[in-house]
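Asker: Got a predicted structure plus its sequence, pasted below:
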Amino acid sequence: MKTKILLRAIVVLIVILVNVSCKKENSCEGCKEINQPPIAIAGPDQVITLPTDSVSLDGSASNDPDGRISVWLWKKISGPASFDITNSSSQKTVVKNLEKGVYQIELKVTDDKNSSITDTVQIIVNDPEVDIYVSGSLDISNGVSYDYIPALWKNGIVQNLPAEGHQGFARSVYVSGSDVYVVGWDAAKAKLWKNGVALNLTNGLFVSSANSVYVSGSDVYVAGYDGKIAMLWKNGVAQNLTDGSFTASANSVYVLGTDVYVVGTQDEGAAYQEIDDNGTVHNLRKSVAWLWKNGVSQNLTDGSHHASANSVYVSGSDVYVAGYELNSIGLGKVRLWKNGVAQILESPSDTLLGTWASSVYVAGSDVYVVGSEGKNNTRNAKLWKNGVGQDLSSGPNWQWATSVFVSGNDVYVVGYGIGDGINSVKLWKNGVVQNLAGISEAFSVFVVEK
């Protein structure tokens, strides 16, 4: 009997010991807590079309379930060679200088317990559906001297045009078929470049410039000036539009059928004062805005105030001219003439530095004008559509819109801005701005559908 009781006691003791041991094994008193890895979210895939060559990436949705993210790191893991990540260790970054192709950009996040995980975003960069040509000038001075050379951008890629000197501008571009025509001035000569090959329109005896080019069939028309004379060149042959009695310039040319329209300005001798963008008063001579049709002149203003006609566009039987006329205190008013009748697009009564128009384009029933407006001690690039103004830029840096082109439903505007003493080329597509390469200025845009 005693033996049975002893055996039972031993069994109970063993059960108790086993139970205690199991509880100890299942207990995590003093054990180290297991870290949960962070969650990386690089954002949605993106598709862009050149000349747009940058995207913004946002990884701020990444998180850590049981702590915080302490390190962010963006890097390219595949794709074309051209790229630049502006801040690779930030939640948000910009990847720029992209070219055609497919990029894979990785975001790696590390938590405060040194656990890491990655996510990848894909960026597809497509060729443009259109070719965008921009003419202007490129700064080669490196801040040492005032040295500019003529330049042409195609889809954002800049090309230097052959130049004799170090002070030249490409004022206008026109594309006809596979041929690209650019005009401007270089080494004080009016110049035409066809597919990058230069032709002198003047001999350099007088300071001269080619300001506008238009191609009709096999004929190439160029408007500009040679010394004091407003000029029109057809296939390189010069025609004087003025007699040289007063300083004059032809600023724009448009051809419709057999009719050739040119606009510009001519001094008329009377003195006047002009206030420039810095508020400085200049004693100059009053100028008249002119329109020539087949060489026959028509004055658009009466000479009571300084005026200039800067751009002409012909749609059907209607002739549109954009420019400006100063008011009695020397501030500019944007003018749009339709068949010789002037319209003031916007009153500068609330501006300090006046308004100016540089270019006009007509698409269907819509009339687009671009220029600039001085306001609150700065200058904004401006677009008017059917007389309604839209700011393309706002202070503090000064910006100008110089040319407009409409292709399909898209409105392209070029110009330039000054920030910290540096000029930059601006291209706006439907109001969204893109900076083109180089320290420079832009004067003309031409868009070709593929």
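Answerer: Ah, there it is. Numbering: from 1, shown residues only.
Asker: Next, the buried residues of stretch 161-169.
Answerer: For stretch 161-169, a neighbour-count test (16 or more other CB atoms under 10 Å) marks 161, 163, 167-169 as buried. The C-beta positions use only the backbone N, C-alpha and C, and glycine is treated the same way.
Asker: again, but for stretch 197-214
Answerer: In stretch 197-214, counting by 16+ other CB under 10 Å, buried: 198, 200-202, 208-214.
Asker: Now render the residues you listed as CSV, adding secondary structure and pLDDT.
Answerer: CSV is the format used below for these (DSSP: H, G, I helix; E, B strand; the rest coil; pLDDT from 0 to 100):
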residue, secondary structure, pLDDT
198, strand, 96
200, strand, 96
201, coil, 98
202, coil, 97
208, strand, 97
209, strand, 97
210, strand, 98
211, strand, 98
212, strand, 98
213, strand, 98
214, strand, 98
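Asker: picking that back up, out of the buried residues of stretch 161-169, which comes closest to residue 105?
Answerer: residue 161 (35.9 Å; CB to CB).
Asker: gap between the closest one and residue 433?
Answerer: To residue 433, residue 161 is 25 Å away according to CB to CB, to the nearest Å.
Asker: Show me the two of the buried residues of stretch 161-169 that sit farthest apart.
Answerer: Within the buried residues of stretch 161-169, two members stand farthest from each other by CB to CB: 161 and 167, at 13.4 Å.
Asker: picking that back up, out of the buried residues of stretch 161-169, list just those in strands.
Answerer: 168-169 (DSSP state E).
Asker: In this structure residue 362 contacts residue 312, no?
Answerer: No - judged on CB atoms under 8 Å, residue 362 makes no contact with residue 312 at a distance of 10.6 Å.
Asker: Mind listing the shared neighbours of those two?
Answerer: Here residue 362 and residue 312 share the contacting residues residue 320, scored by CB atoms under 8 Å, 6 or more residues apart in numbering.
Asker: Same drill for the two, tell me which one is more crowded.
Answerer: Neighbour count, other CB atoms under 10 Å: between residue 362 and residue 312, residue 312 has more, with 27 against 17.
Asker: helix or strand for the more buried one, which one?
Answerer: Counting by DSSP states H and E, the element that carries residue 312 is strand 307-315.
Asker: Off-centre distance for that strand?
Answerer: Distance of strand 307-315 from the chain centroid (CA atoms, centre = their mean, to the nearest Å) equals 23 Å.
Asker: Kindly report the same for stretch 104-123.
Answerer: Distance of stretch 104-123 from its chain centroid, counting by CA atoms, centre = their mean, is 34 Å.
Asker: Which positions within that stretch qualify as buried?
Answerer: Neighbour-count burial for stretch 104-123, with 16+ other CB under 10 Å as criterion, is recorded at 105-111, 117, 119, 121, 123.
Asker: End to end on that stretch, go ahead and measure it.
Answerer: 6 Å (CA to CA, to the nearest Å).
Asker: With stretch 42-57 instead?
Answerer: 7 Å.
Asker: residues of that stretch that come out buried?
Answerer: Residues of stretch 42-57 classed as buried: 42-43, 46, 49-55, 57 (neighbour count, 16+ other CB under 10 Å).
Asker: Could you list the domains of this protein?
Answerer: Using automatic domain parsing, the domain parsing of the chain gives 46-126, 130-449.
Asker: looking at these, which is closest to residue 33?
Answerer: Between residue 33 and the domains of the chain, the shortest separation by CB to CB is 8.2 Å, and it involves domain 46-126.
Asker: how distant is that closest one from the center of its chain?
Answerer: Mean-position distance between domain 46-126 and its chain equals 25 Å (CA atoms, centre = their mean).
Asker: end-to-end on it?
Answerer: Domain 46-126 has an end-to-end distance of 11 Å (criterion: CA to CA).
Asker: For residue 354, give its distance to residue 338.
Answerer: Residue 354 sits 22 Å away from residue 338, taking CB to CB as the criterion.
Asker: and residue 416, what helix or strand is that in?
Answerer: strand 410-419.
Asker: same question, residue 440
Answerer: Assigned by DSSP H and E, residue 440 falls within strand 432-449.
Asker: and that strand, what does it pack onto?
Answerer: Judged by 3 or more CB pairs under 8 Å, 6 or more residues apart in numbering; DSSP states H and E, the packing partners of strand 432-449 are strand 130-139, strand 148-154, strand 157-160, strand 168-176, strand 398-407, strand 410-419, strand 422-429.
Asker: how about low-confidence regions in the chain?
Answerer: Within the chain, the ranges that satisfy pLDDT under 70 run 1-32, 142-146, 269-280, 282-285, 328-330, 346-353, 395, 419-422.
Asker: Next up, phi/psi of the closest residue to residue 406 other than its chain neighbours, please.
Answerer: Spatially, and ignoring its direct neighbours in sequence, residue 406 is nearest to residue 363 (4.0 Å; CB to CB, 6 or more residues apart in numbering). Per-residue torsions, residue 363: phi -130, psi 110 (degrees, to the nearest 10).
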